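K.L.:
Predicted model, plus sequence, below.
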Protein chains: 2
Amino acid sequence: MSQLVNGNETLPVELKTLYGPVATEIEQSEAVLRRELTSEYVLVDEMVRYGSWLGGKRLRPALLLLAAKAVGTVNDDHLTLAAIVEMIHTATLIHDDVLDEAQLRRHLETCNARWDNEASILLGDFLFTHAFYLASTLESTFACGTIGKATNTVCEGELRQIRSCHNYELEEAEYVDIIDAKTAALCCCACRLGAHYAGAADEVVNSLADYGRNLGIAFQIIDDLLDVIGNEAEMGKSLGTDLGQQKPTLPLIHVLSHLPEAHRVGVLAAIEDPLGGLGVLSPWMERLGTYEYVRARARWFADQAIAQIACLEENESLRILRQLPEFVLERSR
Amino acid sequence: MSQLVNGNETLPVELKTLYGPVATEIEQSEAVLRRELTSEYVLVDEMVRYGSWLGGKRLRPALLLLAAKAVGTVNDDHLTLAAIVEMIHTATLIHDDVLDEAQLRRHLETCNARWDNEASILLGDFLFTHAFYLASTLESTFACGTIGKATNTVCEGELRQIRSCHNYELEEAEYVDIIDAKTAALCCCACRLGAHYAGAADEVVNSLADYGRNLGIAFQIIDDLLDVIGNEAEMGKSLGTDLGQQKPTLPLIHVLSHLPEAHRVGVLAAIEDPLGGLGVLSPWMERLGTYEYVRARARWFADQAIAQIACLEENESLRILRQLPEFVLERSR
């Protein structure tokens, strides 16, 4: 954390290696983020700065910059856009932490833990609106439109998910459709912006956007898996929160659809207990092969992602884009 | 409420009269709002539609359309922009109601009362992001930039205010600066967009923007006064919420700065009690002339608003713009 707080943070070594060909550009977009996320009012400034440290993996800026460099060169617009997608992602994280009543994110206190829910809601709004303002400083309305649409889809997806809590009849296809909106739309948007602003042809832009979309779905499936099998210390955040909110994610959907009928009532009752669900469900998930099934579904989307960019001309950035799905599948935090 | 729920709502008669020359255009922008605020997902759709009924006075669309018609003619862009500013205003109201734990707004249940805080936060985000997307459908980035900047200023103002709670040393100048950001920025933006998209010269656009800004400040001062002297039944919302949150609004700032020193400790203790504050403060406010002082400050800004547009050529819309400050001062809800 001290590394973060002094304001001279650099990308952690493992991400520098992972994002190799765009590591420098990610650092540059971080500089845009730090320059933009300030306020002349000291009480606002400390919150806004804190917000910019919560993002972590910088996956969306990386996707944007890798997509750009896979098909062309990175320019100043890309650096601004990379900062924008990270800002929007952070806004959604801050609001998510309020929704989840989470206390920790990446080993840092969440904003709602450090301040309160009220200030966190407004901080998220501040980041959203600043991102949109920043998008308007680019020349055409393309960025505003693409980002506005994607972000609206993200919100719609989150609303659909929250209104599906306690709905134990939700089918896998609808779950995929929801995470496509709430998570994959912004990854898709990042890749689209990267390729478009590098001057790629429309069909190349669309291939990279589809890559981002499939990668985003795989990412969220693994995220939902880690919420039931992850290591809290390693993840640096509270786990089991999905289940505690009766959110029907893929592990739960799988276990419920394969559970012997005689056990269903008991398991459903356990799930409705905010603390007891995981203890009852874990043995069933092991027995029914839930973890393997969920991993296989994530792999399917990861493979789809790779297939989308199979025809693009090879270069160092494209090679990393081909490796990222594997990283997403293997990650433990 | 039944009038609202059937989806064929028309502007209430008193607003039709008040906004006379643009009443038809307000109805048209309402149609844009209703067309835009839908979702193909039924659980999202019911929330989004409900959100569009919460706005009430339609002051910001009216300002935008009146500013347009005061200096030119209303076109399709204006109708879209009027829907956008109302959407943003509604998003801030929905988040405000979560912050205030309010149960009623304009005699309707708030979203947080009808659903919950989680869904309300996401619904606000949905409205914000949809507004930005809609702004990107106009030709240039002017609307995106103007709206993005103003909305960001609104959020910064709200953050400053919430972080000033319990700060009984806040000075009037800082209070005015905060409401200038949190309320007046969007009124200013509405007038700017109206005039700009009617093709007015820059100095005319700036005069109307300054008009909107001063009117917005007067509006918020009266809003803060009504929170301590309003009639709950007439207002259709919970009152005393500012005081319950120890928010230093002008009535409180005035009373504290004029209170005999011997009573200060007792009054400050009463304010910190979420329920007891108003009972102790009201007699002091009467005795110290707080209501008159606050009204006089609101009048000063209302007069400033009128002065900004004194040189513009007379027409029916300009005449209404000159009357609006009086309406703002006299309103009781």
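P.N.:
Looks like it arrived, so ask away. Numbering: from 1, shown residues only, chains lettered A, B, ... in the order given.
K.L.:
Got the phi and psi for A:E109?
P.N.:
phi -60, psi 140 (degrees, to the nearest 10).
K.L.:
List the residues that contact it.
P.N.:
Counting by CB atoms under 8 Å, 6 or more residues apart in numbering or on different chains, A:E109 makes contact with A:Q103. (C-beta placed from N, C-alpha, C; glycine too.)
K.L.:
in what helix or strand does the closest residue to A:L281 other than its chain neighbours lie?
P.N.:
In space, and not counting its chain neighbours, A:L281 is closest to A:V255: 6.1 Å by CB to CB, 6 or more residues apart in numbering or on different chains. Here A:V255 sits within helix A:250-258, counting by DSSP states H and E.
K.L.:
after that helix comes which helix or strand?
P.N.:
Sequence order places helix A:261-272 as the next helix or strand after helix A:250-258, per DSSP H and E.
K.L.:
for the residue nearest to A:L281, what are its contacts?
P.N.:
A:V255 makes contact with A:V267, A:L281, A:W284, A:M285, A:L288, A:T290, according to CB under 8 Å, 6+ apart.
K.L.:
let's go with 7 Å and repeat that
P.N.:
A:V255 is in contact with A:L281, A:W284, A:M285, A:L288, A:T290, counting by CB atoms under 7 Å, 6 or more residues apart in numbering or on different chains.
K.L.:
Work out the gap between stretch A:136-155 and the centre of the chain.
P.N.:
In terms of CA atoms, centre = their mean, to the nearest Å, the centre of stretch A:136-155 is set 18 Å apart from its chain centre.
K.L.:
does that stretch come close to chain B?
P.N.:
Yes. With CB under 7 Å from any CB of the partner chain as the measure, stretch A:136-155 is seen reaching chain B through A:S136, A:T137, A:T141, A:C144, A:G145, A:G148, A:K149, A:T151, A:N152, A:C155.
K.L.:
what mean pLDDT does that stretch have?
P.N.:
The pLDDT scores in stretch A:136-155 average 96.
K.L.:
One more: stretch A:11-30?
P.N.:
Rounded mean pLDDT across stretch A:11-30 is 90.
K.L.:
now swap in stretch A:159-166 and tell me
P.N.:
Mean predicted confidence for stretch A:159-166 is 91.
K.L.:
next one: stretch A:122-130
P.N.:
On average, stretch A:122-130 scores 96.
K.L.:
do stretch A:244-253 as well
P.N.:
Across stretch A:244-253, pLDDT averages out at 90.
K.L.:
that older thread, report the angle between the helix holding A:V255 and helix A:261-272.
P.N.:
Per axes from the mean of the first three to the mean of the last three CA atoms, to 10 degrees, the angle that helix A:250-258 makes with helix A:261-272 is 150 degrees.
K.L.:
So which bits of helix A:250-258 are buried?
P.N.:
Neighbour-count burial for helix A:250-258 flags A:L250, A:P251, A:L252, A:I253, A:H254, A:V255, A:L256 (criterion: 16 or more other CB atoms under 10 Å in any protein chain shown).
K.L.:
how about these in CSV, adding distance to B:A181?
P.N.:
Below are the buried residues of helix A:250-258 laid out as CSV (distance: CB to CB, whole Å):
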residue, distance to B:A181
A:L250, 43
A:P251, 45
A:L252, 44
A:I253, 45
A:H254, 49
A:V255, 50
A:L256, 49
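K.L.:
and A:V74, what is it in contact with?
P.N.:
Counting by CB under 7 Å, 6+ apart, A:V74 has contacts A:E25, A:L65, A:A68.
K.L.:
so when I look at the last one, I'm seeing a helix, right?
P.N.:
Put plainly, it is A:A68. Yes. When classified by DSSP: H, G, I helix; E, B strand; the rest coil, A:A68 is found to be part of a helix.
K.L.:
And the pLDDT for it?
P.N.:
98.
K.L.:
I'd like to know how many residues surround it.
P.N.:
31 (other CB atoms under 10 Å in any protein chain shown).
K.L.:
Isn't A:I178 up against A:E158?
P.N.:
No. In terms of CB atoms under 7 Å, A:I178 does not count as a neighbour of A:E158; the distance is 8.6 Å.
K.L.:
Okay, the closest residue to chain B within the stretch 201-333 of chain A and B:A62: tell me how far apart.
P.N.:
Proximity of the stretch 201-333 of chain A to chain B (CB to the nearest CB) peaks at A:Q245, 8.6 Å away. As for A:Q245, its distance to B:A62 is 41 Å (criterion: CB to CB, to the nearest Å).
K.L.:
Looking at the two, which is more packed in?
P.N.:
A direct count of neighbours by other CB under 10 Å for A:Q245 and B:A62 places B:A62 higher, at 27 against 16.
K.L.:
any idea which helix or strand carries the more buried one?
P.N.:
helix B:59-71.
K.L.:
how far out from the middle of the chain is the very next helix or strand once past that helix?
P.N.:
Reading on from helix B:59-71 to the C-terminus, the next helix or strand found by DSSP H and E is helix B:76-100. From the chain centre to the centre of helix B:76-100 is a distance of 9 Å (CA atoms, centre = their mean).
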